[in-house]
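J.: With the sequence up front, the predicted model follows.
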Amino acid sequence: MACWSPENATKAYIRTLKMETKEKEPNAAEFISALAAGNNAQVMVAACAQKMVTPNLLALVSAAHQTGGHVTCIVPGREELLSSKRALKSDAKYVNFVVGDAKDLLLNEYKNADFFLVDCNLKDYEGVMRGMHVMRREKSGVILGYNAFCKGSSWQWSGLRTHLLPIGDGLLVTRFDGNNGRDVMCEKSVKKSNWIVKVDKCTGEEHVFRVRSPQRKLEIAAAGL
């Protein structure tokens, strides 16, 4: 995964806003698109417990348009495949759908993808995360879990350091290193960080910042991950 690109992130964010015209305000989809495009993701893989959430998949499509990458979506069965395609309408042609076991596919065939979007309601989600944590990869990337609030406190696994963002139904963000197969964010550090959400009173947009001690520097979440 290449270095952070603010231009790609901004363009993908705006593209996603335009694709989701029915939404009254920005949601998790815009963040997903900006994070994937900003990190110049080329191979993006989504895995869902049931039918894929349409805005989230459209977010990856927007990012792929910006970076020149491609999107694969893993669904558990034919019914979920058909419903996902119907929901995407004409944009379905930009997604490669695969029917199968998400855990097996993520940890084997697609282990070298550089951006993963995974439903936290997925069966054995914790096992998927642990598997991704220990396996060796050719390149670095990002794992983004959505529907995190549905998992309560169970997402805090031993050995993994993951950031929970209060966006949409909750997003879990973990960045991993491709050199040694370990999660970059699992390294112990004496520095503590907190997340602050600010709402623009004029536009209604949410801005998420990370505050790190002792310097107390503010870093935009997407750029700082």
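T.: Thanks, I have it. Residues are numbered from 1 along each chain as shown.

J.: any idea how far residue 144 lies from residue 177?
T.: Taking C-beta to C-beta, to the nearest Å as the criterion, residue 144 is separated from residue 177 by 16 Å. For the C-beta atoms, the positions are set from N, CA and C on the backbone; glycine is no exception.

J.: more neighbours, the two?
T.: For residue 144 versus residue 177, the count of surrounding residues by other C-beta atoms under 10 Å is larger for residue 144: 26 against 16.

J.: Nearest residue to residue 107 in space, please, no chain neighbours.
T.: In space, not counting the residues next to it along the chain, residue 107 is nearest to residue 131; the distance is 4.5 Å by C-beta to C-beta, 6 or more residues apart in numbering.

J.: Output the below-cut-off pLDDT ranges for the protein.
T.: Counting by pLDDT under 70, the chain has low-confidence residues at 1-2, 17, 19-26, 136-137, 151-161, 178-225.

J.: Swap in 50 and give it another go.
T.: Per-residue confidence of the chain (counting by pLDDT under 50) places the weak regions at 21, 23-25, 153, 158, 180-192, 214-225.

J.: about what we covered before: and the residue nearest to residue 107, what is it in contact with?
T.: Residues in contact with residue 131, defined by C-beta atoms under 8 Å, 6 or more residues apart in numbering, are 103, 106, 107.

J.: Output the residues you listed as TSV; include the columns secondary structure.
T.: Listed next are the contacts of residue 131 as TSV, based on DSSP: H, G, I helix; E, B strand; the rest coil:
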residue	secondary structure
103	helix
106	helix
107	helix
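
J.: Closest one of those to residue 123?
T.: Comparing the contacts of residue 131 against residue 123 with C-beta to C-beta places residue 103 closest, at 7.6 Å.

J.: pretty sure that closest one is touching residue 130, no?
T.: No: contact between residue 103 and residue 130 fails when scored by C-beta atoms under 8 Å: they sit 10.4 Å apart.

J.: Of those two, which one has the most company?
T.: Between residue 103 and residue 130, counted using other C-beta under 10 Å, residue 103 has the larger neighbour count: 19 against 16.

J.: quick one: the more buried one from residue 77, how far?
T.: Between residue 103 and residue 77 the distance is 15 Å, computed by C-beta to C-beta.

J.: Quote the end-to-end distance of stretch 130-150.
T.: 19 Å (C-alpha to C-alpha, to the nearest Å).

J.: mind listing the helices in the chain by residue range?
T.: Listed from the start of the chain, the chain has helices (DSSP state H) covering 6-19, 28-38, 54-67, 78-88, 102-107, 125-134, 221-224.

J.: Dump those helices into CSV; add distance to residue 117 as well.
T.: Formatted as CSV, those follow (distance: least, C-beta to C-beta, whole Å):
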stretch, distance to residue 117
helix 6-19, 13
helix 28-38, 7
helix 54-67, 6
helix 78-88, 13
helix 102-107, 11
helix 125-134, 12
helix 221-224, 15
